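# sequence below, structure please.
(one chain, ligands or ions: 1)
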Amino acid sequence: MGELLFFVKKLYAVTGKKLFLNIGSMITVSLLDGISIYLLVPMLGIIGFFQIDAAKSLPIPGLSHLLQNVQSTLNLPIILAMYVLIIAGQALLQRSQAIRSSQIQQHFIRHLRFETYRALMQAKWDFFLVKRKSDFSHILTTELARVNQGTNMFMQLITSAIFTAIQIGLAFWLSAKLTSVILVSGIVIFVVFRKYVRKAQSIGDRTTELSQSYYAGITEHFNGIKDIKSNRLEHIHLTWFHALCKQIEDNVTQFIRLNSTTQFLSRITAAVLIVLFIYVSFGVFHTPAEQMMVIIIIFARLWPRFSSIQSSLETMVSMFPAFKSVIQLQQECKDAQEWSVQKDRGISPAIPVEHGIECRDVCFRYSNDQHSYALHDINIHIPAGGLTAIVGRSGAGKSTLIDILMGLMQPESGQMLIDGVPLTPDKFLPLRSSISYVSQDPFLFHMSIRDNLKLVNPAASEQEMWEALEFSASAEFVSKLPQGLDTVVGDRGVRLSGGERQRIVLARAILRKPSILILDEATSALDGENELKVQQAIDRLKGKMTIIVIAHRLSTIRGADQVIVLDKGELIQQGGYQQLSQETRGIFSKLLGYQIEARA
Ligand SMILES: Nc1ncnc2c1ncn2[C@@H]1O[C@H](COP(=O)(O)OP(=O)(O)OP(=O)(O)O)[C@@H](O)[C@H]1O
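Next up is the predicted model:
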């Protein structure tokens, strides 16, 4: 019940007055429907089906008088025409109400979809480190589709509920005793059927679990398809997939079985009730035939609504877990929102770095229950306009340091300063506006090279794009592609080699004209010749921007103004390339020695 209320509140918050307007038109449609049934009485009276004493048979103040007048003053064609007019008016209203219902539903889903996506986009980087990405896709697709279906059911439910309430009201007016009998039976059935609604909700919970596993599984498998195929792991994944599909099938069958059971029970109950009803009306209450007929017509139309209310309720309730997971994700994202996102409207003015970036006593752990620190007591100064290289063994903390330098994560203690001014969370986004970052695993979108480049600088001219490609030693290979700049690179850039992909991403980073360029193993996939070209181009950038490079191949950082050596999260050496290579006891010269040995 709490969930239903929360859902309705949210629906109202998003759709506002439209929801009430729709309910108003539902009431009108139902009233017209009732009137059209009442018109049957004078119609049948005129035809001579039975003799009507409206005052006795339809004891509704005003209406009986009106019907008697109608019967005595109007002839059959006019009553028939009125009937058609009312039905046509009702159909017209029903049409616009159906459209409005769908608009409300679509507006609500669009809102939820956008709100969720925006919340995700505005969440901090650490949030993504602890979450499964497939869960986001799952919520944004499957779960929202279920919420859509549930909202549709909700609209149907209120239509049916209003229709039922009005028809019951009319019938009550006509015969309070008979209607009470039916109403009490209806309420008893509803209470008895409540356990089916609860069961529907638990099936809904299971649906969420299963489809989450399905999404996570297939996303992971297709991300690792090369490993699966090359290591002959297909059968393991097929077995998993087969078992999960079977569970999904069983779960759906269980829901259908439940739904059909309630439908079945409801039909049987309807038949028993009608029989009882006729017996009680004739035998006990001696109800007049025409009044009986109107009540029977009303209930014959009403009962399917009763069962559809039950069915809609089950479907709607089975969608609540999906709604809950959408709202829960939104809340988690809001709790993890970027510090400065409220003030930032997408385009933050870049922070110019004139003197340098400094880390003062920076400590960082990925989680509070970890003993070891990924970074411990880091004190460094990165001069503006210079080339700083960060080196160290695998797991030393290089990428973590870069993430902190980019304001993606906040130090647990200590602080970062830009030109001597502490970097507060409200400056994280402006700082990132001045950075171009190329990761270890460069990412290209499934579009043309041109579109990939223009992503960061939509106004870039043809010449600027070719200059950036020239910088990253990719102009030659791009010009040889059959479609040149318009070549589509495939999913994540799969149609290019690793080295080509890296070079395009590098061109994209340069095209942004950043004041800080961060390269995390950005030339690792290049051959010697291209790496040298890129190296020389980076050296030429010195003085124009602040460059920070993470490199495993130490030969690529010979031109660095400063080398920072990390080990197990600690800063263990800092200085010029030549200076560190001569400190024979230091880790840097050891690492250098291993690499010379490996090449020999
Ligand atoms: N998301 C994470 N959650 C928990 N621990 C992490 C996470 N990412 C990194 N670590 C840990 O933090 C430490 C530093 O990792 P980091 O990725 O910064 O090292 P690195 O020097 O960049 O390594 P590599 O050269 O292999 O990329 C490692 O011990 C690593 O296991």
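# show me the shaky parts of the stretch 301-450 of the chain.
For the stretch 301-450 of the chain, the stretches flagged by pLDDT under 70 are 301, 339-348.
# quick one: name the residues of it near the ligand.
366, 374, 392, 394-400 (C-beta under 6 Å from any ligand atom). For the C-beta atoms, the positions are set from N, CA and C on the backbone; glycine is no exception.
# can you tell me which of those is closest to residue 490?
Checking those against residue 490 by C-beta to C-beta gives residue 399 as the nearest, at 26.2 Å.
# show me what the helix or strand that contains that closest one packs onto, helices and strands only.
Here residue 399 sits within helix 398-405, counting by DSSP states H and E. On a contact count with 3 or more C-beta pairs under 8 Å, 6 or more residues apart in numbering; DSSP states H and E, helix 398-405 meets strand 356-364, strand 375-383, strand 387-392, strand 516-520, strand 546-550.
# ok so, going back, farthest-apart pair in the residues of the stretch 301-450 of the chain next to the ligand, please.
The span of these, defined through C-beta to C-beta, is set by 366 and 392 at 17.3 Å.
# now the helices and strands packed on helix 398-405 as TSV including mean neighbour count?
Listed next are those as TSV, based on neighbours: other C-beta atoms under 10 Å:
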stretch	mean neighbour count
strand 356-364	19
strand 375-383	19
strand 387-392	25
strand 516-520	24
strand 546-550	25
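# take these and write them to JSON lines, including distance to residue 16.
Output for those, formatted as JSON lines (distance: least, C-beta to C-beta, whole Å):
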{"stretch": "strand 356-364", "distance to residue 16": "45"}
{"stretch": "strand 375-383", "distance to residue 16": "49"}
{"stretch": "strand 387-392", "distance to residue 16": "53"}
{"stretch": "strand 516-520", "distance to residue 16": "45"}
{"stretch": "strand 546-550", "distance to residue 16": "50"}
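# if we can go back for a sec, emit the PyMOL select command for whichever of the residues of the stretch 301-450 of the chain next to the ligand are buried.
Buried members of these, defined by 16 or more other C-beta atoms under 10 Å, are picked up in PyMOL with:
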select buried, resi 374+392+396+397+398+399+400
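# how near is the residue most central in space within the chain to residue 248?
Nearest to the mean C-alpha position of the chain, counting by C-alpha atoms, centre = their mean, stands residue 140 at 2.6 Å. The gap separating residue 140 from residue 248 is 19 Å, by C-beta to C-beta, to the nearest Å.
# buried residues in stretch 485-497?
Along stretch 485-497, these residues count as buried under the neighbour rule (16+ other C-beta under 10 Å): 485, 488-489, 493, 496.
# thinking again about what came up before, surely the residue nearest to the centre of the chain meets residue 114?
No - the pair residue 140 and residue 114 does not pass the contact test of C-beta atoms under 8 Å, sitting 10.3 Å apart.
# for residue 130, what are phi and psi?
Per-residue torsions, residue 130: phi -110, psi 0 (degrees, to the nearest 10).
# what's the answer for residue 514, then?
Dihedral pair for residue 514: phi -80, psi 160, per degrees, to the nearest 10.
# grab the nearest non-local neighbour of it.
residue 436 (3.7 Å; C-beta to C-beta, 6 or more residues apart in numbering).
# using the three-state scheme, assign that neighbour.
Secondary structure, DSSP: H, G, I helix; E, B strand; the rest coil: residue 436 is strand.
# what's opposite it in the beta bridge?
Beta-bridge pairing for residue 436 (DSSP bridges): residue 517.
# who touches it in this structure?
456, 508-510, 512, 514, 516-518 (C-beta atoms under 8 Å, 6 or more residues apart in numbering).
# out of the residues you listed, flag the one nearest to the ligand.
Comparing the contacts of residue 436 against the ligand with C-beta to the nearest ligand atom picks out residue 518 as the nearest, at 12.6 Å.
# the closest one touches residue 402, doesn't it?
Yes - Residue 518 is in contact with residue 402 according to C-beta under 8 Å; the separation is 5.9 Å.
# common neighbours of those two, please.
437, 548.
# ok so, going back, tell me which two of the buried residues of stretch 485-497 sit farthest apart.
Greatest spacing in these, by C-beta to C-beta: 485 and 493 (14.5 Å).
# near residue 592, how many other residues are there?
If you count neighbours by other C-beta atoms under 10 Å, residue 592 ends up with 17.
# in which helix or strand would I find it?
Using DSSP H and E, residue 592 falls in helix 587-599.
# mean confidence for that helix?
The pLDDT scores in helix 587-599 average 73.
# list the contacts for the nearest residue to residue 133 once chain neighbours are set aside?
Excluding the flanking residues, the one nearest residue 133 by C-beta to C-beta, 6+ apart is residue 219, at 7.2 Å. Going by C-beta under 8 Å, 6+ apart, residue 219 touches 133-134, 137.
# for residue 219, helix, strand, or coil?
helix.
# oh, and call the first residue 317 from now on, that's how I've got it
Noted, 317 is the first residue going forward, which turns the last one into residue 535.
# let me see the domain layout of this protein.
With domains defined by automatic domain parsing, the chain comprises 333-651, 672-750+830-915, 767-829.
# next to the ligand, which bits of the stretch 317-466 of the chain? Give me the list.
When proximity is defined by C-beta under 6 Å from any ligand atom, the stretch 317-466 of the chain lies next to the ligand at residue 445.
# which residue packs closest to the residue of the stretch 317-466 of the chain found nearest the ligand, ignoring adjacent ones?
Nearest residue of the stretch 317-466 of the chain to the ligand: residue 445, at 4.2 Å (C-beta to the nearest ligand atom). In space, and not counting its chain neighbours, residue 445 is closest to residue 682: 7.2 Å by C-beta to C-beta, 6+ apart.
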